[in-house]
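Peer 1: Pasting a predicted model and its sequence here:
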Amino acid sequence: MLSLWAWIDQELHFFAHLEEVYITSLTVMSNSIEDDSFSKPVGRWSVFYYGVGHMLNDITSACWFTYLLLFLTDIGLSSRDAATVMLCGQIADGLATIFVGELIDRFGRFKIWHGAGAVVVAVSFSSVFGGCIPCRKLATFSSVVETISYSTFAAIFNVGWAATQVSHMSMVNCITLNSTSRVVLTSCRNAFTMVANLSLYGIALIVFDVSRAKTRADIENQYRWIAYLSIFIGCCFVGIFHLGTNEPRSKTGIHGNIHARISWTYWFLKILYYQVALVYLLTRLVLNVSQAYLAFYVINDLRMAQSAKALVPAIIYICSFIVSVLLQEIAWNGQRLKAYYTAGGILWMFCGVGILLLPRSMSLFMYAISVFIGIANALMTVTAVSMQSILIGEDLHGCAFVCGSLSFLDKISCGLALFVLQSYQSGSPRVAGNYSTNVFFSVTRYGLGLVPAFCSLVGVAVTCTMELHTPFSKPLMEPLLE
């Protein structure tokens, strides 16, 4: 009897061990399948749904950088007060990106942060261009009250903008590990950035043509309608994003394991972090400073028609859109990112020289320069943002901090650069000139020509020193364009 019980006990232990081996094998197989699905190319519709998620931010950002300084100076604020409003917004944006990035790394929930930020943007943006509300309540249009009012709403708007931006940008790294798919997602997002900008300039062209501004109230009404229509279009695309995009993984690792949040010092010890941060900062300076002074340049310096302040940017964004879509067809690696960024930077240097030396009598050449600016912008933006994904790699639990910290540097530097340039801006565009060639050197001309060209030069130099390694760089199974 004892020998029988011993035999039964031995058999039970054998089957228990067999079951454990079976479960372990299933777990390994499951993890292998999950890892493969996480590193394989992303489908066309997933790319589309993700790409439209930043439309509200993009269309309001285009309005912010293109028309804010123009709007504030048109209603009577001094150049320095207008620059102060923009700087307050940029500082609020920069601080919020760090805060939001840290919270996303701790708690995840990308879509909740994205949605909450979109609500704040939609509610507050109309007030940025909607006139001075406290001035009406206090029955005074003091420049101090106006500056404080516009600065407050600008800060609120930028806090919401930061929440949407950081959540959407860092989401790329948790959707897939495939480096080509990450670039494709970024490229699609950039393509819809161009769609957003084109939508804004289409709206502006119609509003400026239909409504003639003769008084301060007319000016405020023009920009209020631009803001309302921009918000409506952006919110429609935010809805599409939330309906079509699933919440990506962040609190669980690639194999379903729980990982601790990555410390900030982990990134600060990486040389690549500083290189990517500098390239991203310089790229954003190129884009934002050029966008802010483009309207001033074509109207004040080149004396082109009023329609040019919408038509020239439209050409830029059409070209950027086409290039962004074409970039989705390339199988990406580190060397190609560096090569395409360098090409975009060199192209912008030539454009900067052209802008700096373009005489008023040859203003029509600005349309040709706009084509090359659009190409350069797309090449630099897509590759600079994609470098962040290579920096993050599989370290998903610090991706929001990386995106937030880099955005912080971007916002503060752009705010300070525009504040300094605008502080030296005068009512007359003419600082020094050659009357025989009609070339007048102004703060606007330097801001649009020299600053982006110099930033491009430094960005290219830094890019050449990078060592970019791209794991999981499988090519796309099928082209995104047919």
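Peer 2: The structure has been received and is ready for your questions.
Peer 1: ok now the helix or strand encompassing Q388, how far from the chain's centre?
Peer 2: Q388 is part of helix 365-392, with elements assigned from DSSP states H and E. Helix 365-392 sits 12 Å away from the centroid of its parent chain (CA atoms, centre = their mean, to the nearest Å).
Peer 1: next SSE after it?
Peer 2: Scanning forward in sequence from helix 365-392 by DSSP H and E, the next helix or strand is helix 399-423.
Peer 1: burial measure for E146, as a count.
Peer 2: Using other CB atoms under 10 Å, the number of residues around E146 comes to 21. (C-beta placed from N, C-alpha, C; glycine too.)
Peer 1: ah, wrong one, I meant G239
Peer 2: The tally of other residues near G239 (other CB under 10 Å) stands at 14.
Peer 1: any idea how far it lies from M304?
Peer 2: Going from G239 to M304 by CB to CB, to the nearest Å gives 38 Å.
Peer 1: So, low pLDDT: which residues of the stretch 301-450 of the chain?
Peer 2: For the stretch 301-450 of the chain, the stretches with pLDDT under 70 are 331-332, 394-399, 425-441.
Peer 1: starting at the chain centroid, how far to the strand or helix carrying A310?
Peer 2: In the assignment (DSSP H and E), A310 maps to helix 308-327. In terms of CA atoms, centre = their mean, the centre of helix 308-327 is set 16 Å apart from its chain centre.
Peer 1: Now do it: everything it contacts.
Peer 2: Residues outside helix 308-327 that contact it (CB atoms under 8 Å, 6 or more residues apart in numbering) are 66, 183, 187-188, 190-191, 193-195, 197-198, 201-202, 204-205, 208, 291, 294-295, 298-299, 302, 304, 340, 366-367, 370-375, 377-379, 381-382, 481.
Peer 1: Burial check on V323, number of neighbours?
Peer 2: Using other CB under 10 Å, V323 has 23 other residues around it.
Peer 1: From C455, how far off is it?
Peer 2: From V323 across to C455, the span is 19 Å (CB to CB).
Peer 1: quick one: the strands in the chain?
Peer 2: For the chain, the strands defined by DSSP state E occupy 432-434, 439-441.
Peer 1: Of all the residues in stretch 140-153, which ones are buried?
Peer 2: Within stretch 140-153, the residues that count as buried by 16 or more other CB atoms under 10 Å are 146-153.
Peer 1: Tabulate the CA atom coordinates of it in CSV.
Peer 2: Provided in CSV are the C-alpha atoms of stretch 140-153 (Å, rounded to 0.1, in the frame of the first residue of the first chain):
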residue,chain,number,x,y,z
THR,A,140,-10.5,100.8,-20.0
PHE,A,141,-8.2,99.9,-22.8
SER,A,142,-5.0,100.6,-20.9
SER,A,143,-2.0,98.9,-22.5
VAL,A,144,-1.1,97.3,-19.1
VAL,A,145,-4.6,95.7,-18.7
GLU,A,146,-4.6,94.6,-22.3
THR,A,147,-1.1,93.0,-22.0
ILE,A,148,-2.1,91.2,-18.8
SER,A,149,-5.4,90.0,-20.3
TYR,A,150,-3.9,88.6,-23.5
SER,A,151,-0.9,87.1,-21.6
THR,A,152,-3.3,85.2,-19.2
PHE,A,153,-5.4,83.7,-22.0
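Peer 1: distance of the spatially closest residue to V371 that is not a sequence neighbour from N197?
Peer 2: Once flanking residues are discounted, V371 sits nearest to C319: 5.2 Å by CB to CB, 6 or more residues apart in numbering. From C319 across to N197, the span is 11 Å (CB to CB).
Peer 1: Now for the residue nearest to V371, how many residues are close by?
Peer 2: C319: 20 surrounding residues under other CB under 10 Å.
Peer 1: if I pick the closest residue to A213 other than its chain neighbours, what's in contact with it?
Peer 2: Leaving aside its chain neighbours, A213 sits nearest to I219 (4.6 Å; criterion: CB to CB, 6+ apart). Contacts for I219 (CB under 8 Å, 6+ apart) come out as 71, 74-75, 213.
Peer 1: Which PyMOL command selects the buried ones in those residues?
Peer 2: Applying 16+ other CB under 10 Å to these, the buried members can be selected in PyMOL as follows:
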select buried, resi 71+74+75
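Peer 1: Out of the contacts of I219, which comes closest to A163?
Peer 2: Closest approach to A163 among those (CB to CB): F71, at 24.5 Å.
Peer 1: who touches the residue lying closest to the closest one once chain neighbours are set aside in this structure?
Peer 2: Closest residue to F71 apart from its sequence neighbours, by CB to CB, 6+ apart: Y223 at 5.1 Å. By CB under 8 Å, 6+ apart, the contact list for Y223 reads 67, 71, 129-130.
Peer 1: of all those residues, which comes closest to K411?
Peer 2: Minimum distance to K411 across the contacts of Y223 is 18.5 Å, recorded for Y67 (CB to CB).
Peer 1: I'd assumed R224 was in contact with that closest one.
Peer 2: No - Y67 is beyond contact range of R224, at 11.8 Å (criterion: CB atoms under 8 Å).
Peer 1: So for these two, which residue has more residues nearby?
Peer 2: In terms of neighbours (other CB under 10 Å), Y67 is the more surrounded of Y67 and R224; the figures are 21 against 16.
Peer 1: got the contact list for the more buried one?
Peer 2: For Y67, the contacting residues are 129, 204, 223, 226, 295, by CB under 8 Å, 6+ apart.
Peer 1: Can you give me the separation between the nearest residue to the second one once chain neighbours are set aside and I59?
Peer 2: In this structure, A204 finds its nearest non-sequential neighbour in A310, 5.0 Å apart by CB to CB, 6+ apart. Summarising the geometry, the distance separating A310 from I59, computed by CB to CB, is 14 Å.
Peer 1: More neighbours: these two, which one.
Peer 2: In this view A310 and I59 are compared by other CB under 10 Å, and I59 has more residues nearby, 31 against 21.
Peer 1: Run through the stretch 151-300 of the chain and note the low-pLDDT ranges.
Peer 2: Counting by pLDDT under 70, the ranges of the stretch 151-300 of the chain that qualify are 249-261, 264.
Peer 1: at 50 what do you get?
Peer 2: Within the stretch 151-300 of the chain, the stretches with pLDDT under 50 are 251-259.
Peer 1: how many neighbours does L457 have?
Peer 2: When neighbours are defined as other CB under 10 Å, L457 has 16 of them.
Peer 1: again, but for R212
Peer 2: Neighbourhood size, R212 [other CB under 10 Å]: 8.
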